[in-house]
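[1] how does the following fold in three dimensions:
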Amino acid sequence: MHGTVKDVVWTTDDVGAAPPVEYGWQPPPQTVGGGATVWTVPAGYIHQTAWSQNGGPDIRGVYAKPNSGWQSMVWRWADTMRSNSIRHVTGPGGDPAYRVELAPTDGPSPGTSGNNPRAELFSVDPAEKRRTRPAPVGSVLRDGDEYWVTFALYIPTNFPTNHRWATLFQRKIQDTSRSPSWFTLNVHGTTLDVSVPGNTPDVFMPISTLSEVAGHWVQFTGHEKLSSGSGGLAEFYVNGARKMSVSGKPTVPSGDINFHFQYGYYRANKPQGTGVGVLYYTPMLIKRGASQGIVPALP
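    Predicted structure coming up:
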């Protein structure tokens, strides 16, 4: 099956029966590094690059307590240009959230190509991404794994539409070939879309217009069975309604490869400049296995 589908919608029992999300959980201290240099990050915090300001300070994470088998994804690295690119704030509606911002003056991270700035959280540090150091088991996925992830996103109504693309969530391949393609949530102009695993790169399936999701919290849920053979599965839901589904195809390349998550704001700046963009994120929750069980309602 491959295409836009609306035949699956979660019921109140699926989503609303979960205990309320409780914020304030803290992962233990972490040791992270991009090479020979390592940093020890306090409990509940995330190491930040802040490239234009020589690094730091650590970002206080937004984490939720375990809920119905779902756990907060622990972020190990924040790739930012400025120390206020990602901030722990009280989000729209009053719950803790990440405020993520890119400005026209933000440039790309060192060592990357193109005028593509980012303010993203990574589930691995650079050394773990390149597999020069083992990553914590909970930070990566391997061929054959199956998982669900869910998070809510608030896109302000003045979010810029003059960039070529903006990526808001990624299940990423370590620095290798992009085929089969990444699993991402994106904005192209005024369209919200998903890159579909199992296809050649840069195949995007529209799931909504930007105006339909802007100005209020929207919960996004992804489900994937990673397979380098014919057993791959990928689905994407918006507020409990399935908008994309593909199965029976490879979703990841074969080999001894780690897969990881990134979420935040990553975009292409046009030469004439792109406006200031702001997004708000809840924690990202993950549940491993074939069943989503009871999906916590976010925010």
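[2] host element of Glu128?
    For Glu128, the enclosing helix or strand under DSSP states H and E is helix 126-129.
[3] okay, that helix in PDB with CA atoms only?
    Once non-C-alpha atoms are left out, helix 126-129 reads as follows in PDB (Å, rounded to 0.1, in the frame of the first residue of the first chain):
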ATOM      1  CA  PRO A 126      28.600  13.500  16.100                       C
ATOM      2  CA  ALA A 127      31.000  10.700  17.000                       C
ATOM      3  CA  GLU A 128      28.100   8.300  17.600                       C
ATOM      4  CA  LYS A 129      26.500   9.400  14.400                       C
END
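[4] counting by contacts, list what that helix packs against.
    If contacts are counted by 3 or more Cβ pairs under 8 Å, 6 or more residues apart in numbering; DSSP states H and E, helix 126-129 sits against no helix or strand. Heads up, the C-betas are built off the backbone N, CA and C, glycines and all.
[5] which parts of that helix are buried?
    Neighbour-count burial for helix 126-129 flags 126-129 (criterion: 16 or more other Cβ atoms under 10 Å).
[6] switch those over to JSON lines; also include distance to Gly34 and pLDDT.
    Formatted as JSON lines, those follow (distance: Cβ to Cβ, whole Å; pLDDT from 0 to 100):
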{"residue": "Pro126", "distance to Gly34": "4", "pLDDT": "94"}
{"residue": "Ala127", "distance to Gly34": "6", "pLDDT": "93"}
{"residue": "Glu128", "distance to Gly34": "10", "pLDDT": "94"}
{"residue": "Lys129", "distance to Gly34": "9", "pLDDT": "92"}
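[7] now do the helices in the stretch 1-150 of the chain.
    For the stretch 1-150 of the chain, applying DSSP state H, counting those that start in this stretch gives helices covering 12-15, 126-129.
[8] show residues contacting the last one.
    Pointing back at helix 126-129 there. 33-35, 76-77, 122, 133-135, 139-140, 174-175, 258, 260 (Cβ atoms under 8 Å, 6 or more residues apart in numbering).
[9] from the middle of its chain, how far away would that helix be?
    17 Å (Cα atoms, centre = their mean, to the nearest Å).
[10] quick check, nearest of the contacts of helix 126-129 to His216?
    Nearest to His216 out of these is Phe122 (Cβ to Cβ; 27.5 Å).
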